[in-house]
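Engineer: Got a predicted structure plus its sequence, pasted below:
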Amino acid sequence: MHELTITQNILDIALNAASQQNARFIHTIRLRMGPFSGVVPECVQMYLDVLAKGTVAEGAKIEVTTVPLRVLCRDCGKESEITRTHIQCPYCGSLHLKRLSGREFMVESLEVD
């Protein structure tokens, strides 16, 4: 349910940016997020469809660019990308990892008229 508040914030950011550019319509809101951001893009789209009614963002689509999950192995010192299903260092097999990226969540850009 936290996606409702997040979506309202995304919409506020998009409407403010569109207003500054004198945009008449927001076609696309591009988000950048990591696999550990805790946000479900489909839920954001669903809430946006409801919240944006009657605004220049009505009908806008959410597009997501996923940031890779990057880690630093505290045992062998190497940086690498891992997935949520394979959470060990690909070089030495250690689980002693420091997350470098993967929690990002931001509005990256808008496509407007």
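Structural biologist: That came through, no problem. Numbers count the residues shown, from 1 in each chain.

Engineer: rest of the way, CA atoms for contacts and neighbours
Structural biologist: OK.

Engineer: residue ranges for the helices of this protein, please.
Structural biologist: Ranges of helices in the chain, per DSSP state H, are 2-20, 41-51.

Engineer: Just want the most central residue of this protein.
Structural biologist: residue 33 (2.7 Å; C-alpha atoms, centre = their mean).

Engineer: count of residues packed around the residue lying closest to that residue once chain neighbours are set aside?
Structural biologist: In space, and not counting its chain neighbours, residue 33 is closest to residue 105: 4.3 Å by C-alpha to C-alpha, 6 or more residues apart in numbering. Neighbours of residue 105 under the rule other C-alpha atoms under 10 Å: 19.

Engineer: My guess is residue 26 contacts residue 52. True?
Structural biologist: No. If you go by C-alpha atoms under 8 Å, residue 26 and residue 52 don't touch, sitting 10.1 Å apart.

Engineer: where does the chain have low pLDDT?
Structural biologist: 1 (pLDDT under 70).

Engineer: The same query, at a cut-off of 50, please.
Structural biologist: Residues of the chain meeting the criterion pLDDT under 50: none.

Engineer: tell me the strands in it, going along the chain?
Structural biologist: In the chain, the segments counted as strands under DSSP state E are 26-33, 61-66, 69-73, 79-82, 97-99, 105-112.

Engineer: dump the residue contacts of the nearest residue to residue 112 once chain neighbours are set aside.
Structural biologist: Excluding the flanking residues, the one nearest residue 112 by C-alpha to C-alpha, 6+ apart is residue 26, at 4.4 Å. Residue 26 makes contacts with 14, 18, 56, 57, 58, 60, 110, 111, 112, 113, as judged by C-alpha atoms under 8 Å, 6 or more residues apart in numbering.
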